[in-house]
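**Student:** Build the 3D model from these lines:
(one chain, ligands or ions: 1)
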Amino acid sequence: MSKFTKRKILIGSASAYLSLCLFLFSCGNEEDGVNNESRSKDLGDNRLDEYVGAATCAECHAEAHAKWEESHHYHAMEIPGPGTVRADFNNTEFVHYGITTKFFMDGEK
Ligand code: HEC
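**Tutor:** This next block holds a predicted model:
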């Protein structure tokens, strides 16, 4: 085989390899697009722009929801009021570093 022919084969196979790479790469991209499209169709409109609330999650995550309701995370987010605040707000007072702090209620607040 002449040097010239060897070179031709080398260039030929290199460009074939490059074309194959480009082909596979572009196919991969197309596939991704199709998959994402069909995925979002299956799930409905997954771009919710509103607060769905914990009850929505509890439909599927009942066990996790029950545990969460007993947690400090849940209680920390409760609306403050006589039934939820645990500290004694019945006109209690304490002094810390010379500063007197009073805990009291103003009506329901
Ligand atoms: C229609 C049923 C459904 C609803 C409603 C739902 N989930 Fe899920 N959730 C799942 C499933 C199924 C998985 C497991 C997915 C997986 O492993 O691929 C999951 C996984 C999760 C995970 C990951 C858990 C882990 O261990 O990796 C979190 C966090 C989560 N959900 C939070 C929520 C929250 C918060 C909500 C409410 C806004 C919610 N989910 C609503 C079905 C649901």
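**Student:** Residue 84: what's it in contact with?
**Tutor:** When contacts are counted by CB atoms under 8 Å, 6 or more residues apart in numbering, residue 84 touches 75, 78. (Each C-beta comes from the backbone N, C-alpha and C, glycine too.)
**Student:** Name the helix or strand for it, please.
**Tutor:** Using DSSP states H and E, no element contains residue 84; it sits outside every helix and strand.
**Student:** Then residue 65?
**Tutor:** Using DSSP H and E, residue 65 falls in helix 62-69.
**Student:** buried ones in the helix or strand just after that helix?
**Tutor:** Per DSSP H and E, helix 62-69 leads on to helix 72-76 as the next helix or strand towards the C-terminus. By 16 or more other CB atoms under 10 Å, helix 72-76 has no buried positions at all.
**Student:** State the number of residues packed around residue 69.
**Tutor:** Other residues near residue 69 come to 12 when the count uses other CB atoms under 10 Å.
**Student:** separation between residue 100 and the ligand?
**Tutor:** Distance from residue 100 to the ligand, counting by CB to the nearest ligand atom, to the nearest Å: 43 Å.
**Student:** got it, and residue 73?
**Tutor:** As judged by CB to the nearest ligand atom, residue 73 and the ligand stand 12 Å apart.
**Student:** Let's see the pLDDT reported for the residue lying closest to residue 88 once chain neighbours are set aside.
**Tutor:** Distance criterion CB to CB, 6 or more residues apart in numbering; nearest residue to residue 88, sequence neighbours excluded, is residue 103 at 6.3 Å. Listed pLDDT for residue 103 reads 92.
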